[in-house]
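**Student:** I'll drop the sequence and a predicted model, then ask my questions.
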Amino acid sequence: MLRLKGSQHFRQRLVCSTLSGRPIRIDDIRAADPESPGLRDFEASFLRLLEKLTNGCVVEINETGTSLKYRPGVVVCGTALSHDCGTSRGIGYFLEPLVVLGMFGKKPLSITLRGITNDSVDPGVDTFRTVTLPLMRKALGLEDGLELRVVSRGAAPGGGGEVVLRVPMVKQLAPVKMEDEGMVKRIRGVAYSMKVSPQVTNRLVDGARGVLNTLLADVYVFTDATSGAASGKSPGYGITLVAETTSGCLISAEACHVAPSKQQVEGGAQQGELVPEDIGTSAAQLLLEEVRRGGVVDGSHQGLLLLLAALGPEEANTLRLGPLTPHAVRTLRHIRDFFGVTFSLRTERSSSTIFATCVGANIRNVSRRVT
């Protein structure tokens, strides 16, 4: 049994445990927090979701919630599944582990998730739909079956959004070879709003274009102003931008309106809120920063790509990444602990990018039965 400590990268530890078949024990989960030690409600929700996807997994939690034992089961998946993600974290918190686990299921995965579609903490569903899924199709050579459909949007704090995720099962992942980052040739995006004036989306676009059009002519941002049942329970707005390179790589950045907390509302402290033009400008500047860092993916997708490379066949998997984020560094440690895979990192001085190479662990879909 692998022993780990702390609450960091909770989802990734459970996903790696499930795919490698190694039971784990996590101790000292927020043990130093005097007010609310132990698991949070969104982490308990993710455990319930794992139980829906797998057969035979065993979860043991102590009375204070600061210690967890997890014995993985067989990934089954299935269709017509549904899960309420709650309002503590966005749907994006649950999507990334779902996509990785869904490919190793006994049946294709089709699941409806309900909760917050766009917030400032987790990746929005637009980023997932326009960047994460195309990235996985490109890296793994998947033809079709990988799809995310946004039924309705939901902003914090009320939520009310709904998405449908479909993931095909695979026998084995293809090797990941992504070294050419290319040059940015166009920028696309989507500006969305819920339960506010439709004019807000145009103001978001104006803020983003004010920065990007000075550097690139081919900039087009779609607008999606939802109302009624499709707009969830709370007002909100934001923008997601995607830079596409000549080699087909996708770099993303997003920014959204942050709902004031209860303390801010009671105290009347609203100075932290930004107007839509400022949010659009902020998203554009974040995108330019991601492009400057280099690599075939942005910082938020480094961990996912490293994990896909480690799960691949026993041949060379090569990636070109920008400076590694703390999440990517922790991902490398988990890959070493669970799968015994280590990466060779080589820095290219001229571009400050990193070439990461590994021999995959050759993880196969043992749940799939050939009949």
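**Tutor:** On my side now, so go ahead. Numbering: from 1, shown residues only.

**Student:** Kindly report the domain assignment for this protein.
**Tutor:** The chain is divided into the following domains under automatic domain parsing: 2-178, 184-293.

**Student:** For R346, find the nearest of those domains.
**Tutor:** Proximity to R346 (CB to CB) singles out domain 2-178 among the domains of the chain, at 15.1 Å. All C-beta atoms are positioned from the backbone trio N, CA, C, and that covers glycine.

**Student:** Next, the contact list for T201, please.
**Tutor:** Counting by CB atoms under 8 Å, 6 or more residues apart in numbering, T201 makes contact with 191-193, 223-225, 237.

**Student:** Next, the buried residues of the helix or strand it falls within.
**Tutor:** According to DSSP states H and E, T201 maps onto helix 199-212. When burial is assessed from 16 or more other CB atoms under 10 Å, helix 199-212 yields the following buried residues: 200-205, 207-209, 211-212.

**Student:** That helix: how far from the chain's middle?
**Tutor:** Computed by CA atoms, centre = their mean, to the nearest Å, the chain-centroid distance of helix 199-212 equals 25 Å.

**Student:** Can you name the element that comes right after that helix?
**Tutor:** strand 219-226.

**Student:** who does the helix or strand just after that following strand pair up with?
**Tutor:** Note on strand 219-226: by DSSP H and E, the next helix or strand toward the C-terminus is strand 236-245. Sheet partners assigned to strand 236-245 using DSSP bridges are listed as strand 184-194 (antiparallel), strand 250-256 (antiparallel).

**Student:** The first one - what's its average pLDDT?
**Tutor:** Looking back up the chat, that one is strand 184-194. The average pLDDT for strand 184-194 rounds to 94.

**Student:** How about the shortest one?
**Tutor:** When the per-residue pLDDT values of strand 250-256 are averaged, the result is 94.

**Student:** can I have the helix holding T201 written out in CSV, keeping just the CAs?
**Tutor:** Output in CSV follows, covering the C-alpha atoms of helix 199-212 (Å, rounded to 0.1, in the frame of the first residue of the first chain):
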residue,chain,number,x,y,z
GLN,A,199,-24.4,43.7,-24.2
VAL,A,200,-21.9,42.4,-21.6
THR,A,201,-20.6,39.8,-24.0
ASN,A,202,-19.8,42.5,-26.6
ARG,A,203,-17.9,44.5,-23.9
LEU,A,204,-15.9,41.4,-23.0
VAL,A,205,-14.9,41.0,-26.7
ASP,A,206,-14.0,44.7,-27.0
GLY,A,207,-11.6,44.4,-24.0
ALA,A,208,-9.9,41.3,-25.5
ARG,A,209,-9.6,42.6,-29.0
GLY,A,210,-8.2,45.9,-27.8
VAL,A,211,-5.1,43.9,-26.8
LEU,A,212,-4.9,41.1,-29.4
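
**Student:** can you give me the angle that helix makes with strand 250-256?
**Tutor:** 130 degrees (axes from the mean of the first three to the mean of the last three CA atoms, to 10 degrees).

**Student:** pLDDT-wise, which helix or strand of the protein ranks last?
**Tutor:** helix 262-267 (a mean of 45; mean pLDDT, DSSP states H and E).

**Student:** among the contacts of T201, which ones are buried?
**Tutor:** Counted by 16+ other CB under 10 Å, the contacts of T201 give 191-193, 223, 225, 237 as buried.

**Student:** just the helices in the stretch 51-200 of the chain please.
**Tutor:** For the stretch 51-200 of the chain, the helices defined by DSSP state H, counting those that start in this stretch cover 92-102, 125-127, 133-140, 199-212.

**Student:** Nearest to P168, out of those helices?
**Tutor:** Among these, helix 92-102 sits nearest to P168 (CB to CB), with 7.9 Å.

**Student:** Next, the residues that contact the closest one from outside, please.
**Tutor:** 11-12, 14-15, 18-19, 42, 45-46, 49, 53, 75, 77, 83, 85, 108-109, 111, 113, 121-125, 127-128, 132-133, 136, 146, 148, 165, 167-169, 304, 307-308, 311.

**Student:** how far out from the middle of the chain is it?
**Tutor:** With CA atoms, centre = their mean as the basis, helix 92-102 stands 7 Å off its chain's centre.

**Student:** of all the buried ones among the contacts of T201, which two lie farthest apart?
**Tutor:** Top of the distance list for the buried ones among the contacts of T201 (CB to CB): T223 and Y237, 10.5 Å.

**Student:** after the least confident helix or strand of the chain, next one along is what?
**Tutor:** As assigned by DSSP H and E, the chain's next helix or strand after helix 262-267 is helix 276-293.

**Student:** Below-threshold pLDDT in the protein: ranges please.
**Tutor:** For the chain, applying pLDDT under 70 flags the ranges 260-273, 367-371.

**Student:** got a list of what A356 touches?
**Tutor:** 306, 309, 318-321, 343-345.

**Student:** Among those, which lie within strands?
**Tutor:** When DSSP state E defines the strands, the subset of those inside them is 318-321, 344-345.

**Student:** With neighbour count and distance to L241 as new columns, can these be given to me in CSV?
**Tutor:** Formatted as CSV, the ones in strands among the contacts of A356 follow (neighbours: other CB atoms under 10 Å; distance: CB to CB, whole Å):
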residue, neighbour count, distance to L241
T318, 16, 27
L319, 24, 23
R320, 20, 21
L321, 25, 20
S344, 11, 33
L345, 13, 29
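
**Student:** Please report the distance of the most centrally placed residue in the chain from L286.
**Tutor:** Centrality entry for the chain: nearest residue to the mean C-alpha point is E96, 4.6 Å, by CA atoms, centre = their mean. E96 sits at a distance of 20 Å from L286 (criterion: CB to CB, to the nearest Å).
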